[in-house]
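**Q** Got a sequence here, can you model it:
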Amino acid sequence: MVPSLSQWVRGVRVRAPGVRQSKIANGAATLLALGAIGWWVVSAHSGGEEPKAMHETDFAVLAGGCFWCVEAVYERIDGVISVMPGYAGGHTPNPTYEQVCTDTTGHAEVARIEFDPDRVTYAQILDTFWKAHDPTTLNRQGNDVGTQYRSAIFYRDEEQRRVAEQSKRQAQAAFKDPIVTEIAPLKTFYPAEDYHREYYEHHKGAPYCQIVLEHKFFML
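**A** Next comes the predicted model:
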């Protein structure tokens, strides 16, 4: 049971005996009382329980062709909090989309997927990855051709690498041709330009979105 506000304030005063009534002491007592009020408000609204720490999230960085497609697919997955298109796996610092399209920076178009591991696991994120693109075609997805469209998983730690390798082995059973997906450490992720973000949501009537992207939704 949460004590009343007056009980909390009295409790602070009782626990601070012998405080001399100077300006400094009065100021300290006021701060203690305000702190008690704040704790009481939080406690009262949480059923008397201690406030819980913020829930930690995880992230995956995946390349599966055009990042417009990867973003749109994962935004529809339960447990995914946010998706950011960008670039990874290259050697040119702060690449632009125009530079990446020249096929000289080494970057792949990727999506940084933030997710709640209590609702969807990293392994489940990868299960969707294998379904949402063709991991057996080298440096291309459909008519999109070039190293920027390669299939890749960029892991952030050894555990993600282990899960990715295992997931790749298991996924091979669903494909006749060998999976060519690159599994590499994530060095730097560069967010894409603003006009790439939420591309499908802003261009649902575009032929690319209707022909290529919406077909992917049916594959999931």
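
**Q** List the buried residues in stretch 75-91.
**A** 75, 77, 80, 83-90 (16 or more other Cβ atoms under 10 Å). C-beta coordinates here come from the backbone N, C-alpha and C atoms, glycine included.

**Q** er, stretch 178-192 I mean
**A** Neighbour-count burial for stretch 178-192 flags 181, 184, 186, 189-190, 192 (criterion: 16+ other Cβ under 10 Å).

**Q** try stretch 111-127
**A** 111-113, 115, 120, 122, 124-127.

**Q** how does the chain divide into domains?
**A** Using automatic domain parsing, the domain ranges for the chain come out as 5-45, 58-219.

**Q** Quickly compare those and say which is most buried.
**A** A comparison of these by mean neighbour count, using mean count of other Cβ atoms under 10 Å, puts domain 58-219 on top with a mean of 17.

**Q** if we can go back for a sec, hmm, which two among the buried residues of stretch 75-91 are most spread apart?
**A** The most widely separated members of these are 77 and 90, with 26.5 Å between them, by Cβ to Cβ.

**Q** Compare the domains of the chain and say which comes out lowest on pLDDT.
**A** Of all the domains of the chain, mean pLDDT reaches its minimum on domain 5-45 (a mean of 43).

**Q** quick one on the thing from earlier: among the buried residues of stretch 178-192, which are located in strands?
**A** Counted as lying in strands by DSSP state E, out of the buried residues of stretch 178-192, are 184, 190.

**Q** Is it possible to get CSV of the buried residues of stretch 178-192 that adds distance to residue 99?
**A** Converted to CSV, those look like this (distance: Cβ to Cβ, whole Å):
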residue, distance to residue 99
181, 24
184, 20
186, 20
189, 16
190, 11
192, 12
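
**Q** Show me the helices in the chain, by range?
**A** With DSSP state H applied, the chain shows helices at 5-14, 23-45, 67-74, 97-100, 122-132, 158-171, 199-202, 207-208, 214-219, listed in chain order.

**Q** rewinding a little: tell me which of the buried residues of stretch 75-91 is nearest to residue 200?
**A** Residue 200 lies nearest to residue 75 out of those, by Cβ to Cβ, at 8.1 Å.

**Q** now that closest one: how far from residue 69?
**A** With distances taken as Cβ to Cβ, to the nearest Å, residue 75 is found 11 Å from residue 69.

**Q** ok, back up a step: for the buried residues of stretch 111-127, which two are the farthest from each other?
**A** Top of the distance list for the buried residues of stretch 111-127 (Cβ to Cβ): 112 and 127, 18.4 Å.

**Q** Spatially, and excluding backbone neighbours, which residue is closest to residue 116.
**A** residue 79 (5.0 Å; Cβ to Cβ, 6 or more residues apart in numbering).

**Q** That neighbour contacts residue 114, correct?
**A** No - applying Cβ atoms under 8 Å as the test, residue 79 and residue 114 come out as separate, 10.1 Å apart.
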